[in-house]
Structure formats: structure tokens, C-alpha cells
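Asker: Need coordinates for the below:
(5 chains)
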Amino acid sequence: MAKKRTHLFKKKLGQIPGSVIYTGERAKEKLFIEVFDYNKDQYIEKELQTVEESFDFKLSDSTTWINLNGLNHVSAIETLGENYNLHPLVLEDIVNISQRPKIDEHEDYLFIVVKMLYYDTSEKMVSEQVSFVLGKHYVLTFQEAEGDIFDGVRDRIRQAKGRVRNMQADYLLYILIDAIVDHYFSVIELLGNKIEDLESDIFTGNINDDATKNIQNLKREILRVRRSIFPLREVINRIEKNKNTLIHKKTITYYRDIYDHLIQVSENIDIYREMIWSLMDMYITTISNKMNEVMKVLTIMASIFIPLTFIAGIYGMNFNYIPELQFKYGYFAVWGVMIVIFLAMLYYFKRKKWL
Amino acid sequence: MAKKRTHLFKKKLGQIPGSVIYTGERAKEKLFIEVFDYNKDQYIEKELQTVEESFDFKLSDSTTWINLNGLNHVSAIETLGENYNLHPLVLEDIVNISQRPKIDEHEDYLFIVVKMLYYDTSEKMVSEQVSFVLGKHYVLTFQEAEGDIFDGVRDRIRQAKGRVRNMQADYLLYILIDAIVDHYFSVIELLGNKIEDLESDIFTGNINDDATKNIQNLKREILRVRRSIFPLREVINRIEKNKNTLIHKKTITYYRDIYDHLIQVSENIDIYREMIWSLMDMYITTISNKMNEVMKVLTIMASIFIPLTFIAGIYGMNFNYIPELQFKYGYFAVWGVMIVIFLAMLYYFKRKKWL
Amino acid sequence: MAKKRTHLFKKKLGQIPGSVIYTGERAKEKLFIEVFDYNKDQYIEKELQTVEESFDFKLSDSTTWINLNGLNHVSAIETLGENYNLHPLVLEDIVNISQRPKIDEHEDYLFIVVKMLYYDTSEKMVSEQVSFVLGKHYVLTFQEAEGDIFDGVRDRIRQAKGRVRNMQADYLLYILIDAIVDHYFSVIELLGNKIEDLESDIFTGNINDDATKNIQNLKREILRVRRSIFPLREVINRIEKNKNTLIHKKTITYYRDIYDHLIQVSENIDIYREMIWSLMDMYITTISNKMNEVMKVLTIMASIFIPLTFIAGIYGMNFNYIPELQFKYGYFAVWGVMIVIFLAMLYYFKRKKWL
Amino acid sequence: MAKKRTHLFKKKLGQIPGSVIYTGERAKEKLFIEVFDYNKDQYIEKELQTVEESFDFKLSDSTTWINLNGLNHVSAIETLGENYNLHPLVLEDIVNISQRPKIDEHEDYLFIVVKMLYYDTSEKMVSEQVSFVLGKHYVLTFQEAEGDIFDGVRDRIRQAKGRVRNMQADYLLYILIDAIVDHYFSVIELLGNKIEDLESDIFTGNINDDATKNIQNLKREILRVRRSIFPLREVINRIEKNKNTLIHKKTITYYRDIYDHLIQVSENIDIYREMIWSLMDMYITTISNKMNEVMKVLTIMASIFIPLTFIAGIYGMNFNYIPELQFKYGYFAVWGVMIVIFLAMLYYFKRKKWL
Amino acid sequence: MAKKRTHLFKKKLGQIPGSVIYTGERAKEKLFIEVFDYNKDQYIEKELQTVEESFDFKLSDSTTWINLNGLNHVSAIETLGENYNLHPLVLEDIVNISQRPKIDEHEDYLFIVVKMLYYDTSEKMVSEQVSFVLGKHYVLTFQEAEGDIFDGVRDRIRQAKGRVRNMQADYLLYILIDAIVDHYFSVIELLGNKIEDLESDIFTGNINDDATKNIQNLKREILRVRRSIFPLREVINRIEKNKNTLIHKKTITYYRDIYDHLIQVSENIDIYREMIWSLMDMYITTISNKMNEVMKVLTIMASIFIPLTFIAGIYGMNFNYIPELQFKYGYFAVWGVMIVIFLAMLYYFKRKKWL
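Answerer: Predicted coordinates for the structure are as follows:
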């Protein structure tokens, strides 16, 4: 069978731990590196051709944001990692896109994995892994492919909007993660709409045979969203509680804000989850109700006409001597009896509220 | 599709954190500000035209309650917030009405978000956000629209009923929150009545096609009530445990009382929840029972008349030689046989308890 | 609609906190106050006419038990409370009968609310609130109405049975609570019997249309029992852990014993709960099985006689030329064919095990 | 109704706490007391006639195991308890056979209640309470009736097999409890077999009307096994963590081994539990499938023969002028039409895979 | 009945604790012992004929890995255990293959039990127990049978690939467990495929009677996988937290990596679990839908032809005087009426969307 399968393999079996091997499917992405370097007074924005160009920024005291798109360019990532002194397992995790959201606390940097969720043009939910490395003066971000939701952040740096230019790397990390978490709201809002649509389709009986499939798919989707979002709460919580000097006390209030948003998202997800789980019950009820209706039609038709047909059968018998047959108005009398039976049955079904 | 959707967006995507933007739908509410300033011996009640008028009260040692209705008046809120030195994120949360109940402990004030629940005139449950700021000598309250459930509190201040005039801001906060929590009881009582009504409708079979819809809506409603009420327990708990000097030891007993009430409400909600979840099962059972009844009618009618019709059919055949047809009383004999079969069937169904 | 509703209102909306207002329905109960005052060597038992008569006992070093029935007599309770220096919120809780079991630790007394459960004469479960105040030398009990389950305790004091006369107020409290907890066993035993009866009714198919209703009522009843009993575990646990000197180390073993009993009761309740939740499934299965049986009868009758009727119909046609009709033994041949078909069908259904 | 009920009463209502009253049903068991007294070099085994004979063993430094069968002999137990200085509540618990597994830590002994599970000859699960008292040099065991699973232990003491003779009372307690826990494996294995049998009966459709009953009984049985076994984990855990000097550090490894076994048993029980809960769903599916099959037979028979009978009916009409009736081969033509319809229907049902 | 049963017996009843008795079914496995002894500069690989040959390696300072296949060779294991000073209960656990994953911390070694999962050639999941003993300079592994998933590890030692030759025994243990955990991914991927296949079979209605059986088997399989994998998380967690000097601080990061992988596997298992539990609901819905379809065919056929047959029956009656029969075009008029009824019914069913 050549059908598309979900692949979970975190790496090739037997692979040496710490090997930096890209596990995703976008093996042909172009390498894209951009650098923002800013302080209160000025900022530099630059697209780099090679990783090595970024090395200078490491020395400056200003805040540096290096964003790298294209996880398939393993050697570039290794070079960057070496320069910033990252642990081999961190590099392995960056290019292994099946991580769950997590935080690893290293001596002089934090490594954070977050899932960016969005719906693509065909309304399919996409989950893309974004890795963050927060150092004293820098934030590194690693994305699988071009196109992200950080444009608002870029604008703020360029135009010195909000507090970003007055704050340091920990605040930059905050607004980047905040941008991702903000997007969760729109993802679950769309998910909520899907559920409401399906629900109202089931209510109105406007369902086709795919209803079961749609419900099952929604279940799976919400389970995946949960898996992408729920562990992030623990990550943010650990950033807040972090004893490291990388996160300044002043910034912690902001992370707490993200945490609150994540709780809100989580609660909504769990409510949606309960609603979806109810959908199947509702659907079964709808089917049963329909069958009831079908059965009623059958029962009414059969109950009315089977006795009448029996009466007609009686007088279709060929006995030599059937007195009624000779009656002048026998035929009409039978019709009369039949109509009485017919009306009696109607009344009976009416009283039973089947009509 | 132009249908009404639930909006979860906590703010516009890409919005700068700390932006004070109203997210509700009542953009045209009139601004209403009232001040109560009291101590044991006297009280002042005043409706303000501008926020600035409230600034004087900040200086006095008496307890001040400033209540502001109309979250759409963002600049007024910002002015007030500046005067009381509130954090930008606090202001953002005040006007963002999709908060969950929470408490933020700041250095010299507590910020508390509570959901006020009530049924509007069309029996639809409304959840309105009320934000509290508790300082050493003041309580600020922010409501989305006019009309609240604090009239009892106002009367107590005016008429020096109860302890309120002898106590301080922390006690004022208590009676305000207590008024909201008291209202939860009436909300869940109404919810309980709805469930009992639906239940008894299902018992008596007095249901229409909306039953599934009603059950699903009740499920959703109770999930929303849970979400509005449950986090408040943690909020009150943290007020109790609070090491801050804002809450006096003497007042903590009162907060403990609110906590007990919240536990009571929560337990009732969870019991209602289990009852609603059972309703669907009950409904399915009811449908099945009805189908059983329909099937029995069909089976009885068909089982009785199909054999009889067969017998009539036999003697309707046109064979040249069918001896029975010549018998003088053949016709009556057949009737006899038929009646015997009929009675036998009746007896059979009687014994099976289908009749 | 004038139907009886469940009332949850803990108090009138807008009521001032600490107001002592009776919330139950037995507004006309007679006030009954009795005092037991005892030590190792002697005891006094006395029915009091006024609360004031009890004041003398407060001074003595002997153990005093004051039992007050009739929560509607609010002023008497207030007088008593004042004499024993009780907090206003404690008095409010005593007369507010919708409390959940709880313990409030005050400086020189413990306030404990327990639910007394019993089945009344019409097999309806009654939950009556009993409040206890344990001081150094006294126990106060407050009950809604006359008639309780403490007669055993009274006898033990009178006749110096067991350890009670040698022990102090904390032991008296223990045997009072123990009497209530003992009663829980008989309550859940009766509940268990109800479940077993309903279960065996469903097994034997001996069910009427009320089955769903009965199941739902049992669910509700067990949820209420849970709510009355489960919080008591925490109460007893906190008595055990209590650092106060009110509970002597020697008595703690006894409270531990109550705790064990409560765990036993709780486990039984949870088992019953699971059994009840299964009952609905069982009932649905029973209904489905019945429908299956109904369908089989219909199918067998129809499948046998419809083809036979068809054959009879064939030879009831009036074509000029139907050769079989002329055969001398055509009629009997047809009968033969019909009987063969009949037997074949019987065999078929037999093999399918539908007969 | 005289049916057998489950009795939960832990004691007679109103009974004085600490009363030693046997609550089981085997009131006529013979009293049986045996003593093992051993050290590394020698051992004594003796059946005692009176409890008093055991008093000498208390003085020796060797390890003493006193086993008493027959909880109805309350006075013997009280005498023994007095000699070993047991708390009255301990004695009450020993003879009250509705205890749940528990441990009570007293100053110089541990009191442990365990449930011994086995299937009796009629494959009914029996749960017998065994109480242990572990002192410095002795273990007391109390069983309801004769016949236990400790023969292996006795043999090991007699023949100095294993470590038992080199170890002390805490090790003796270990091998006694270990013998009971070992037996749990065979109990749940049998339970597992019952489930698999029922499951395969349901798969093969080889079910009678008792299926629901059997499932419900299995549910109840597994809930009871859970209740007997699960609390024991906590008991063993507390023995391990025990700070008392009664359990030597060297022996703790052995108790840890029991703990591991209990976890294994618990996991299996929970898996069985999930399987049983699924059985009802499976059974409902089986019933639905059967009904589907019944319905198909009916539908096929009716759909084929009803139209054919209609056609026969058409030509059974007595209109003066029905042209087809005059056709020479009209009859055969009708047969032809009927056969075509018949085959068309067969093909239709074949394509629908109903045949 | 001679059917295959699941055996849970952890050992023979009455067996002495610490007896080293093999509990598996592969009693005829050949004994296979291999040794790897290596340091940074060199390595020795050797297949041993007797256990005693391994004794020399114990003395060296290099890292030694002794792998023993064939748990039936109890005496060899005992000899090895004695040499490495293992506790008797450890030896018992090694050969008792029904252990759950666990870690026992002994003074100078760690004992770890892990379950190796793989699908055999007939797509049946196999769970094989692998025991590890980690000492200062050695790792012992015990497997039930030949054939494992450690070839990658062997290669790395031989070819000095990765870090293994520069690290010590704790790192060796890590890469061995890592190899097993990596394999879990492929196991649950296959499990996921099975679920998706079954799901899509149910969607397409392409199901046979085994569907229920397959679902139930998948449930059981996933419960077993859970049981094999979930406890390992706790094991790894305790290795991480271990205060022992056996695990170097540098290696802990690697164990943390395993922990992350286990969480990932666990989450996937739980998602699969929910999907499987939904499958039964989906299947029931599918059955109900099918029955609905069957019922519709029956109802349509019966509702159309029963009234028509009745009409034909009317004019098949033999009354002397039935005026219509004399009409010249009576027959055709009846046909007309019948066709009208037929079309009316078709329209009715069309509008009801049953056609």
C-alpha cells in the first residue's frame, strides 16, 4: 500500500546520539539567514549569505537576533552552533522536527522548542517547529521554512515601536513567543468554527456519510493541537521560575502574561474537546431518530394496508357458498368496513403521535 | 457564511504587548464613574464627569471606591491607571474582556479579574468581566457596561449597615466579590432547573427534535460556567495565603467564607455536569424504547394478518379441483380456522408481554 | 410552573455577611435544649427552658454537652454563641443548612459541620446538618429538628458505659461523630440494595418505563451522598493533624478510626457509582436484545408466509391458459410445494438459531 | 424479600467504640492456635489448647509466630491482646472483618490488615481478612477460619529452607505477606481467563442472555479485587518508609520486592478493568450486527416477493376486460417478467453486499 | 479447554523468595556470552564459552560490557552474579521475565529492567525483557534469547564512532537504553498504521465481522505497550536524579534526552489510545447507518407495493356486483390510479431524501 503514513521516527535507527540530521520533508528549502542587531539608539538589519558573517555580532553588546530558515542546511547550523557553543544534543534537537515543546537550561543559554501552528491555504493545520536559543545578548531562532509570523516583531524593531528597543534579549524572546501564542488563538478559533459547523450540520440532519470521518478527524486534530500547546505551559512556567540571570525580573511579568494566555487557550481546547466527544453521541442519536422515522412510515403503511388486503383476500376466495358475495351492496359494505378500519388506524397512530 | 461566531481573539494579531485596546462588543457605552469615600463617621458619594476629579480622593486616608463603567473609554482608564500607578499589562487586561479569573500581585496593589454571571431577560446567560484593583486605601472596579449587582453594597455604605464602614478597603473588596459569588448561586439554580425540566421532558417522552440541541447547549453552558467560576477558587485561595499587608488578618476569615461558597457552587456544577452527560444516554434509551414500541405494532399486525391473508390466498386459487371449495360450510370453516389463528397469535403476544 | 425546585440559595441576595438567618424549611420547630454535664464520678442531665440556664455550666471543669434542636430559633443561638464567644460567621453557618462538611479552626474552639444521613419512613434519603463546636470543656451541637441518632451516646454518659466518662470533650465529640458515620453504613447499604434490585430487574427484563428514571434518580442520590460524606474525610484528617491542644494525643487514635471508616464508606460509594453508571448500558443492551427478538418474530413470519402467499397469488391469476390449473392434483401439488418451502424456511431459521 | 444482601455494617449501630465484636458469618469455627518459636539453631512447633500457653514464648529472645484461627473466639483474642499489650481498637479491628488493608503504627508494634484472596471450589472469589501484629520478637496472625496459604512458610521454618531461620520477625512477616501477594497472581490470572472466555464467546456470537449479567458480575468482581489489593501498596510503602526499628534495613529490600509485585498485579487489574468495560460495547455491537442480519433477511424476502405478489394480484383482478389475460402465453410471459424482477433484485442485493 | 492462556504467575506459588528460577518459555536457548572491553585506545571483543572466562575483565580499569543471552542458563547467571556481588533478589528478577521496567539502586551498582519491543515476522508484537547492571567500570546485560538491536552499539565500539570509546560505563548504558527507546518509535509507528488502516476500513464500510475483534486486540496491544514503556520514564527520571557517583554529571544530559523521547512516545501512545477507543463508537455508527439503509429499502418497497397490492386485491373480490369491473376501461383506469400512487410515493420518498 502506498498510502501516506504519519512518520514518527525521531531519527534513523542505530544513529549515533548527537548526530545532527534533519528529519523533516522539506529537504530543498533555500538557506535564509537574517540578523537584527539593535540597541536603544540604532539598529542594523541584514540578510546574510553565509553563517560566518554573523560571527561579528556576537562580540557587540547590543541585542542580536539571528533568524535561520531551512533546517536542511545542517552544516550551516553546526557552524552557527559551534560559534555560540551549543551542545551537540541541542543541535540534534534543532533539526529534528518531531520535538515536543521543551526547555533545556544550559549554563549560559536557554534552549527552547516551540510549535508554531497555522492553517495553510487548504485549511489544513500545519505545525512547524521553531527553536529558540536565548543568550545574554542574543536570540537565535531556527525555522524549517520561509514565511513566519514574526513580521510584527521586525516592524517593532525597525520602527522602535513599543518597548522592544529599550529592553534586552529576554524581552525579544518574549515578543517572539508571544507572537506564536497569539496565533494559537486564531487556530483554535477556526477549530471552534469547524466544530460549530459540524454540530449545526448534525442538528439540521444535513449530514452525509463523511460525518463520522469528520468527527474522527477533528478529534485527531484537537489531540495534536493539545500536544503542541500544552507542554508550552510548563516551558513558560519554567522560564518564570528560572533562577538564571538570563531573564530579568522586570521581564518576568511579561512571561506571566503569556502563561495566562496559554491557560486560556488550553481551557478552550479542552472545552472543544468535550464538545467533539459529544458530537459522536449526537450523531448516533440523529441516526436513531431517523431510523425511528423510517420505521414509523413502514409500520403505518403496513398496519393500515395489511388488514385491508386480508379483507379483500377473504372475498377473493372461490368457495361455492359465500353468502356476503350475493348481497346486493356487499361490495359497498366491504368498502365501508375498510374505510372504518382505515380511519380507526389513522386515529390510533394519531393518538400515538406517530403522525 | 454570515453566522455569528464565538470570538476568542484576545487582541489583534501583531498588536504590541501592553496596548490598551478594548476587545468587547459594546463600543458605544457611556462612560460612568462614581466614587464612594467613607470612614467610620462619614461618607461621600459622587458621580464624576471626568477621571481627573477622582484624583483628590487618592490623598485621603479614608477608604475610596471608584467604580468605572464603560471599558470602551480607554483613555479615561489609562488616565486613572496612571494616577494609581498601574502596570501597562494590567490596563491591557482590564479592557480585554476575555480574561479568565485571575489575581496578579503587584508591589502595592492586587489586580483581580472576576466574571460576573447573570441571566438576561431572554434567559441567556451573560458573563461580564469585572476587574478589581485593591490598594491600601482604595478599591477600583471596572465594568463593561452599566447595571451591576453592587446596589446592596452601595446601600450598606450609605446606611452604615453591617461592618463595612468600620473596616477598610480589603473588606470592601470582600463584600464586592461576595456579591458576585452570591449571584452564582442563582445562576446555577436556574441552570439546575433547566436540566430538571429537560430531564422530565425526556422522562415523559414529551420531546421534540431539539432535544439533542438543548442537551448540547446545556453542556456548553455548563462548561462556560465552570470556566468562569473554577479559577476564582484559586484566586481567593491566593488572597487568603497572601503575605502582602493589603489583606488584614481579621478579614481573611471572610475570604475563607467566600472560598467555602465557591467550593459549594463548584460541587453543584460538577453534579449538574454529570447529570447532563447522562441526559444523552437517557435520550438514546428513550428513542430505543420508542422504536421498540413501533416495531412491536408492526410485528403484531404483520404476524397476525400475513398468515390469514395467505389462507385467503389459498382459497382464491383457481385450480379446477379444490375439494374444500365445494364443502357447504367451507367458507365458515375457514373463518373458524382464521379466528383460531388470530386468537392464538393474540395469546402468544400477550404471553410475550408485547400487548 | 409550580413544581418543586431544588433551592441552593445560600442566603438572600444582598444579605449582609454574618447575618444569622435560618435557610431551611422547618420554620416551626420547637426549641429544645438539653445539657449533659459529667465527669468521672457524676453526671447531670437537664432539659433547659431558656438558653441562659446553660451559662452556669460554662464555668465548671466537668465536660459539658449542650444540644440545641431547632435552628429556626435564631436569637437563642445568638445568645448561646455570644456566651461561648463564637464568630458571627460561625453563627451564620450554623443556621445556614446548605453548608458542606467543613472544619474551621478558631483560637479556642473548633467549628465542625457534618451531614447526618438517614432514610425517612418513605424511603427518601434525608440529609440533616449537624454543627459541632468543640471547646476545652464543652461540646455544643446544633440540629435542625428533633430526633437524632445520639441516644446511644446519651445512654453511655448516663450509665458510664465505655470510656466516655473518663475522657474529655474531644472524646465526646468523637463518639458523636462516630455515631453519625456509623449511620452512613446503613444508608449506603440501603442504597446498595436499591441498585441490586434495579440490576436484577433489568437482568430479568422485569422493567417498566420508569427504569431510566430510577437509574437517573439513583445517580443523583449517590452524587448527593458523595457530596455529604467525602468532604468529611478532609475534616477528620484535619482534626487528626490539628496542632491545637483541644484534641489530646490519646484521642487521635479514635479519630483515625473514624477516618478509616470514612474511607471504607467512600470506596463503597465509588463502587456503587460505577455500578449505577453501568446500569444504563445494561438497560440499553436489554432494550436492543428485546428489539432483536421482536424483529426475529416479524422476519420469520414474513419470510415464511410472503413467498407462500405469492404462490397462492400465482394460481389466483385469471389467465385463460394456465396449464397447472387443469392438473387433477395441481392443488395438492401446490400444497406440497408450499409445505416444502415452509419446512425449508424453518430449517434455515433453526440453523441460524433464530428459533 | 428474603434475598441475600451484601452487608456492610461495620458493627451494630450504637455499639461502643473499642468493643471487640466479631462481624463475620462463621460463628462456629473451632479455635485453633499454633506457635512456631525458632532461632538459627532450633525451632519449636506446637498446637496450643489455650491462649495462656503462649505467654511463655513472649519472654524468649527467639522469634515467635503465633497463629490464631477463629475470629469468633473473641475472649481468647482479648486475652492474647492483653498479654501483648494491644490497643482496644486494634482488637476491634482484628475481629471486624470488613476492614480495608491498612497499617497502624503503634509504639512497640505494627498492626497490619491484609486481604487474602482465593477462589473457592465453586469458582467464587473469597476474600478473607488476615491481621498481622509485628513486635520486636514476634508475629501474631489472626485468621477467620482454618485453612490458609502459609504451609510453604511453615515448611521453610521446619526445614530451615531459605533465610527465614537466620532472620528475625520482620522477615517472617515479609514471607507471610509475600505468600498472600503471590496468591493474588493466580487470582487475577483466573479473572483474566474469565474475561478472555467471555470475550471470545462474544466474538463468536456464542452468547446467551446472561452475557450482560456476566459482564456486570465481572465488573463487580474486579472492583472488589481492586479494593482488596490497591490499599496494600500504600501499606507496604509505609512499612518501607517506616522509621521504627521493627523493620531492619536489610529486610527493606524484600518489602520493596513485594511492592513491585503489587504494582504488577495492580497494572494487570487495571488492564482487565479496561477490557471488561469494553466488553459491554462489544456486546452491543454484536447485538446490532445480529439485528442487521435479521433485518437484511426480512428486507430481501419482502423486497423480492412483495412486487411479485403485486403482479400476481394484478392478474387476479376480475375486470371484464383485461387484454393480457387472453394472450395465449400470457401466463408464461408473466412468469418471465417475474423471473426477471427476481433476478434483478438478487443482483441489486448482491451488489449491495447484503447477500 | 486447551486454549492458550496468558500466564502471569511471577513464580511458582510457595517458592522461596530469592530463588533464581527462569519463568519464560524459551527453555532451550543456547547460552551466549560476549564481552567488549575497551578504553580510548583499544578494545577487545570476545565470545566466551564459560562465565568464568569473564572474571578477568572485572579487574581491569577499562570499560567492560558483558552481554549474556539465554536466561534459562540459571547457574551461569548465578556464577556471574556472585562474581559481581549481586543481591539474590536481583538474580531472581533477571530470570523472571514478567518484571515491569524498574530501577533498583544498590550500594555499588544500579539494576535496571527494560522491555525491548519489536514486531516479529508475523506482525505480532514481542516484548522481551532486558536487564542491565551498571557498575563503576562495567555494564552487564541479560537477554532472554539471541538477536537484539544492539548491533549499532557494537559497531560504534569497534570503530570508535561517536563518543562511546571516550566515555565510561554510564555512557555505554545510555546508548544501549537509547537503542531500545529508538525502537519504540518504530513499534508505535506500526501500531499507528494498524489503527489508521482499521479506521479507513471502517470509514469505507469495508469491514468484516472481525472488526470488533481487531479493535479489542488493538486495545489490548496498546495497553501492553503502555505498560512496557510508561514505567521506564520513572526509571530514567530516577537515573537523572540519582545521587550515586555511577552516573557522571556530563552523561545526565544524555539521559535527559532519552527522557524527552519517552515523553514523546508516551504522548503518541495516549493519542493512539484515544483514537482506538473512538473506533468502537465509529463502528457502531457505521452499523447503525447500514441498518438505516436496509430499513429504508424495506420501507420503500413495502410502502409502495402494499397499497398497490391492496387495490389489486379489491378487484380480485368475487362480489356479484362490483360496478367498476364492468367498465370497459376499468382495468386501465386501475393501472392509472396505481401509477399515480406509485409516483406519489416516489416523490414522497424523494422529498424525504430516502432515495
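Asker: mind checking how far the residue lying closest to A:Thr23 once chain neighbours are set aside is from chain C?
Answerer: Nearest non-adjacent residue to A:Thr23, counting by CB to CB, 6 or more residues apart in numbering or on different chains: A:Asn96, 4.9 Å away. (C-beta placed from N, C-alpha, C; glycine too.) Here A:Asn96 is placed at a distance of 43 Å from chain C (CB to the nearest CB, to the nearest Å).
Asker: Just want the angle from the helix of greatest length in chain A to helix E:249-314.
Answerer: If you go by DSSP state H, chain A has its longest helix at helix A:249-314. Using axes from the mean of the first three to the mean of the last three CA atoms, to 10 degrees, the direction of helix A:249-314 lies 20 degrees away from that of helix E:249-314.
Asker: and helix A:249-314, does that touch chain E?
Answerer: Yes: applying CB under 8 Å from any CB of the partner chain, one finds helix A:249-314 in contact with chain E at A:280, A:283-284, A:287-288, A:290-291, A:294-295, A:297-298, A:301-302, A:305-306, A:308-309, A:312-313.
Asker: Backbone dihedrals for the residue nearest to A:Thr23, please?
Answerer: Per-residue torsions, A:Asn96: phi -90, psi 100 (degrees, to the nearest 10).
Asker: Touching, it and A:Ile21? I think so.
Answerer: Yes: with contact defined as CB atoms under 8 Å, A:Asn96 reaches A:Ile21; the gap is 7.4 Å.
Asker: Looking at those two, which is more packed in?
Answerer: More crowded of A:Asn96 and A:Ile21, by other CB atoms under 10 Å in any protein chain shown: A:Asn96, with 22 against 13.
Asker: For A:Asn39, which non-adjacent residue is spatially closest?
Answerer: Excluding the flanking residues, the one nearest A:Asn39 by CB to CB, 6+ apart is A:Ser62, at 4.2 Å.
Asker: circling back: gap between the longest helix of chain A and the chain center?
Answerer: Centroid displacement of helix A:249-314 relative to its chain, using CA atoms, centre = their mean, to the nearest Å, is 21 Å.
Asker: Can you check what pLDDT the model gives A:Gly18?
Answerer: Per-residue pLDDT puts A:Gly18 at 69.
Asker: Quick check: residues of the stretch 201-350 of chain A near chain C?
Answerer: Applying CB under 8 Å from any CB, one finds that the stretch 201-350 of chain A approaches chain C through A:Gly316.
Asker: Taking the stretch 201-350 of chain A, what residue is nearest to chain D?
Answerer: Residue of the stretch 201-350 of chain A nearest chain D, by CB to the nearest CB: A:Gly316 (6.9 Å).
Asker: and that residue, which of the three is it?
Answerer: coil (DSSP: H, G, I helix; E, B strand; the rest coil).
Asker: How about the contacts made by it?
Answerer: By CB atoms under 8 Å, 6 or more residues apart in numbering or on different chains, the residues touching A:Gly316 are B:Ala312, B:Gly313, B:Gly316, C:Gly316, D:Gly316, E:Gly313, E:Gly316, E:Met317, E:Asn318.
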